[in-house]
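Asks: A predicted structure for the sequence below; I have some questions about it.
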Amino acid sequence: MSALGELVRSVPPESTQQAVGYPSLFLLVVLGSLVPVVPTGAVVSSAAVVAFHHTSPFSLLIVFGVASFAAFLGDVGLYWLGRRGVRSRGGSRWLERLRARAAPERLEQAQQRLRAHGVLVLVLSRLVPAGRIPIMLACLLSAMPLRRFVRGDIPACLAWAATYQLIGLLGGTLFPEPWQGVAAAVGLTLVISLAPALWRRVRSAEEGNGEA
């Protein structure tokens, strides 16, 4: 949340946002794409709220461009590191981290979708919460070339940035104060990201009760 606060505090003057806000957005999204320590969707939505309230309309285009480019660089960097692990006899810590974050059943589903739809599944994986890593791991295990991954990841990152920017714009238009819009955008993105995990737990509990 401190990272989101930095984005909000950096807004009042246009020059300040250009000097601090955009680089912060870029670094946070790249970092969040490489390691799961930053809620990148919430960061993009918050930046969109800030741009809507305090800066020119062109700032929304800049937020979109910075977020999508940063997400793309993060994805490509992580995929490149994963490919090094696949080719190495001893693997790599990056590949092991990907494996640890993809449950076996979700990886199997991702592999089936990849075989059925090819790189188009990358677009959906970026929009579905927690869907990116299983699909990326499926691409790695299928030995997909980096160039082919890049072709699928470009529209995926553009769609992802547009989706979370729209969430931010929704929060910005519903509330008069920027902090209210940021809070609404962050809350909505967290609900979206947590909903699939909660749904799986409910389904598992129901199946367990049915078997009992």
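Replies: Cool, got the structure.
Asks: Average pLDDT for stretch 44-61, rounded please.
Replies: Mean pLDDT, computed over stretch 44-61, is 80.
Asks: List the buried residues for that stretch?
Replies: Within stretch 44-61, the residues scored as buried using 16 or more other Cβ atoms under 10 Å are 44-55, 59-60. Glycine gets a C-beta too; all of them are placed from N, C-alpha and C.
Asks: Where does the prediction get shaky in the chain?
Replies: Residue ranges of the chain with pLDDT under 70: 1-20, 55-57, 87-92, 172, 174-212.
Asks: all helices for it, in order.
Replies: 2-9, 14-16, 22-34, 40-54, 58-87, 93-100, 104-117, 121-127, 132-141, 146-174, 178-211 (DSSP state H).
Asks: circling back to that earlier point, got the buried residues of stretch 44-61 as JSON lines, with distance to W160 columns?
Replies: JSON lines is the format used below for the buried residues of stretch 44-61 (distance: Cβ to Cβ, whole Å):
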{"residue": "V44", "distance to W160": "8"}
{"residue": "S45", "distance to W160": "11"}
{"residue": "S46", "distance to W160": "15"}
{"residue": "A47", "distance to W160": "14"}
{"residue": "A48", "distance to W160": "13"}
{"residue": "V49", "distance to W160": "17"}
{"residue": "V50", "distance to W160": "19"}
{"residue": "A51", "distance to W160": "17"}
{"residue": "F52", "distance to W160": "19"}
{"residue": "H53", "distance to W160": "23"}
{"residue": "H54", "distance to W160": "24"}
{"residue": "T55", "distance to W160": "22"}
{"residue": "S59", "distance to W160": "19"}
{"residue": "L60", "distance to W160": "16"}
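Asks: ok, so of these, who is nearest L31?
Replies: V44 (13.2 Å; Cβ to Cβ).
Asks: need the contact list for the closest one.
Replies: Shown in contact with V44 (Cβ atoms under 8 Å, 6 or more residues apart in numbering): L25, V29, V63, A67, A161, Y164, Q165, G168.
Asks: Give me the buried subset of those residues.
Replies: L25, V29, V63, A67, A161, Y164, Q165, G168.
Asks: still on that earlier bit, would you mind finding the most buried of the helices of the chain?
Replies: Of all the helices of the chain, helix 40-54 has the most neighbours on average by mean count of other Cβ atoms under 10 Å, namely a mean of 28.
Asks: ok and it relative to helix 146-174, angle-wise?
Replies: Angle of helix 40-54 versus helix 146-174, following axes from the mean of the first three to the mean of the last three Cα atoms, to 10 degrees, is 50 degrees.
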